[in-house]
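>>> Have a look at this prediction, sequence included:
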Amino acid sequence: MNAVSPVVQQTVSDEIDLAALFHSLWEQKLLIGLVTLLVGLAATAYAFLVTPEYQVQSMLRPAAIKDLDALNRTGVYELKPDQAMQRIGAALESYESRLAFFRANPGLFEVLRQPNRSREQTFESFNREAFKMLQPDPKKTDSLSAYVGIQLTYPADVNGVALVNGLVEHVIQEERGRISADFQTVILNRLTQLELKMAAARANYEASKEAKIAQLLEVDSLKRAQLQDELKALRQQLKTRRDNRITQLDEAIRIAKALGISKPTTPSALGEGERVAQGSVIRTEVNNQQIPLYFMGSDALEAERNALLQRRSDDFTEPRIAQIAKELQLLTHNRQIEVLNQRENEDLFLKGLASWREEATRLRNLSIDVADLKLVSVDQVAVDPLHPVKPKKALILALGLVLGGMLGLFIALLRNILRRASSRYRSGQLSLTP
């Protein structure tokens, strides 16, 4: 019985202490309520005095295929709707694009200016904290179409609607300018490439023509040299033949004089020269051997020799010499070379020149009105918000009351603990007094 008694006493003591605690807190209800009220008032003052912040956003979706058809049909620059939207989104996210808009519209950011900061520092802080890009979560598939957007959280004295809509329009115009510059650059590059092709073709043609002319001249020169060599050889041959004939004639003349043959005769006639012809006689000589030359008689032989000695040229005796002269005369003028040199418009003979000129003309006449090019579809423009996103007054007030109540309870508990400690200290001093 004695062992159980202390436990029971301890339980009763704890119940008494807990009841005393609640009693003590109830006695300090005014303090708790006052602290709660003060904190709640402070929270309310903060909620109503802090500068409210608003939030606006603009959503962009891909443009229709027909909006970019005029650009894509040129065959020079291809831009799909998804690619155009991604380019606009990248430009919206670009710090450089935002800074360019800030510099072009300083009045929209003037209220953010702080005395101890430059404009660029002010924009840097505002850009880091206020802008947020919106795009589909790749892990989620509930989005039916692609989109990109920009969200702005701004204080009440900033024209956030004009800022967001102006930034979107600025980025679109800026991207149109980039596309126009890229388009013109591509055209210039292609025109330059075509000019280089035509220049290379002209150079190749000139080199080919010069090579052909050189080849023709070389063939003519070789042919001319061969004909001249042949002509020289023929003339030498004819001269040698004439000299040989003269030598033969000299020898035959000596023999004819020695035999007393002055007129042409035959061997049989020479043997019967002294016979007296009886009646009408017809003689026919058949001989398969060549009659010696001296039977022609010294008179005929001397006449032939004198003619040969007086001859100045033997060209008429050889038909081939006349043919060679004809061929040499034809070689004096190569008509094919003359025709090649007399070509006035040599571009007409270049392969592929017609198609290159056609392409160059088409590129020079390409005209795209980039100012009316619809890169994206503005699905949602920024509009004036109905209420601020910060501060959330009801939430702040509720948190203030809760925190005030907790602070009041904490102060009440602290006072109770200090009060009990003080009571124990006094009771301890009384017990030590004799």
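Yep, that arrived.
>>> Alpha carbons of stretch 329-344, in CSV - could you do that?
Extracted in CSV, the C-alpha atoms of stretch 329-344 (Å, rounded to 0.1, in the frame of the first residue of the first chain):
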residue,chain,number,x,y,z
GLN,A,329,47.4,27.3,-149.5
LEU,A,330,44.5,25.9,-147.5
LEU,A,331,46.7,25.9,-144.4
THR,A,332,47.4,29.6,-144.6
HIS,A,333,43.9,30.3,-143.1
ASN,A,334,42.3,28.1,-140.5
ARG,A,335,38.6,29.0,-140.8
GLN,A,336,37.8,27.2,-137.6
ILE,A,337,40.2,29.4,-135.6
GLU,A,338,38.8,32.5,-137.2
VAL,A,339,35.3,31.5,-136.3
LEU,A,340,36.3,30.9,-132.7
ASN,A,341,38.0,34.2,-132.5
GLN,A,342,35.1,36.1,-134.1
ARG,A,343,32.5,34.9,-131.6
GLU,A,344,30.8,38.0,-130.2
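>>> In that stretch, which residues are buried?
Under the neighbour-count criterion of 16 or more other Cβ atoms under 10 Å, stretch 329-344 has Ile337, Leu340 buried. C-betas here are computed from N, CA, C, even on glycine.
>>> Quick one: mean pLDDT over that stretch.
Averaged over stretch 329-344, pLDDT sits at 89.
>>> where do the strands sit along the stretch 51-200 of the chain?
Ranges of strands in the stretch 51-200 of the chain, per DSSP state E, counting those that start in this stretch, are 53-62, 131-134, 148-155.
>>> Columns mean neighbour count, mean pLDDT and distance to Ser24 on top of those strands, output as JSON lines?
Below are the strands of the stretch 51-200 of the chain laid out as JSON lines (neighbours: other Cβ atoms under 10 Å; pLDDT from 0 to 100; distance: least, Cβ to Cβ, whole Å):
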{"stretch": "strand 53-62", "mean neighbour count": "20", "mean pLDDT": "89", "distance to Ser24": "44"}
{"stretch": "strand 131-134", "mean neighbour count": "14", "mean pLDDT": "90", "distance to Ser24": "51"}
{"stretch": "strand 148-155", "mean neighbour count": "20", "mean pLDDT": "89", "distance to Ser24": "47"}
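>>> can I get those strands in TSV with distance to Ala394?
Shown next, in TSV, are the strands of the stretch 51-200 of the chain (distance: least, Cβ to Cβ, whole Å):
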stretch	distance to Ala394
strand 53-62	16
strand 131-134	24
strand 148-155	19
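>>> among those, which is nearest His333?
Within these, the stretch nearest His333 is strand 53-62; the backing value is 72.5 Å (Cβ to Cβ).
>>> so what secondary structure elements neighbour that closest one?
Strand 53-62 is packed against helix 81-93, strand 148-155, helix 160-259, strand 376-380, with contacts defined by 3 or more Cβ pairs under 8 Å, 6 or more residues apart in numbering; DSSP states H and E.
>>> In the stretch 101-250 of the chain, where is pLDDT below threshold?
By pLDDT under 70, the low-scoring segments of the stretch 101-250 of the chain are 141-144.
>>> same thing with the stretch 301-434 of the chain?
393, 428-434.
>>> Can you give me the distance of Phe410 to Leu37?
Between Phe410 and Leu37 the distance is 16 Å, computed by Cβ to Cβ, to the nearest Å.
>>> So between those two, which is more surrounded?
Per other Cβ atoms under 10 Å, whichever of Phe410 and Leu37 has more neighbours is Leu37, with 15 against 12.
>>> Please tell me how far the residue nearest to the more buried one when sequence neighbours are not counted sits from Val381.
Nearest non-adjacent residue to Leu37, counting by Cβ to Cβ, 6 or more residues apart in numbering: Gly404, 6.9 Å away. As judged by Cβ to Cβ, Gly404 and Val381 stand 43 Å apart.
>>> go on, Arg312?
112 Å.
>>> before we move on, what about Glu304?
Relative to Val381, and taking Cβ to Cβ, Glu304 is found at 124 Å.
>>> for the strands of the stretch 51-200 of the chain, which one sits closest to Arg202?
strand 53-62 (46.5 Å).
>>> ok now the closest one, how far from the chain's centre?
How far strand 53-62 lies from its chain's middle: 35 Å, per Cα atoms, centre = their mean, to the nearest Å.
>>> Likewise for stretch 307-322?
For stretch 307-322, the distance to the chain centre is 77 Å (Cα atoms, centre = their mean).
>>> And for stretch 159-179?
That offset, for stretch 159-179, works out to 28 Å (Cα atoms, centre = their mean).
>>> what do you get for stretch 37-45?
In terms of Cα atoms, centre = their mean, the centre of stretch 37-45 is found 66 Å from the chain centre.
>>> Would you mind listing the buried residues in it?
Val39, Gly40, Ala43.
>>> In contact with the last one, which residues?
Same thing as Ala43. Ile396, Leu397, Leu399, Gly400, Leu401, Leu403, Gly404 (Cβ atoms under 8 Å, 6 or more residues apart in numbering).
>>> will you turn these into CSV that also has neighbour count and secondary structure?
Shown next, in CSV, are those (neighbours: other Cβ atoms under 10 Å; DSSP: H, G, I helix; E, B strand; the rest coil):
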residue, neighbour count, secondary structure
Ile396, 19, helix
Leu397, 18, helix
Leu399, 15, helix
Gly400, 22, helix
Leu401, 16, helix
Leu403, 16, helix
Gly404, 22, helix
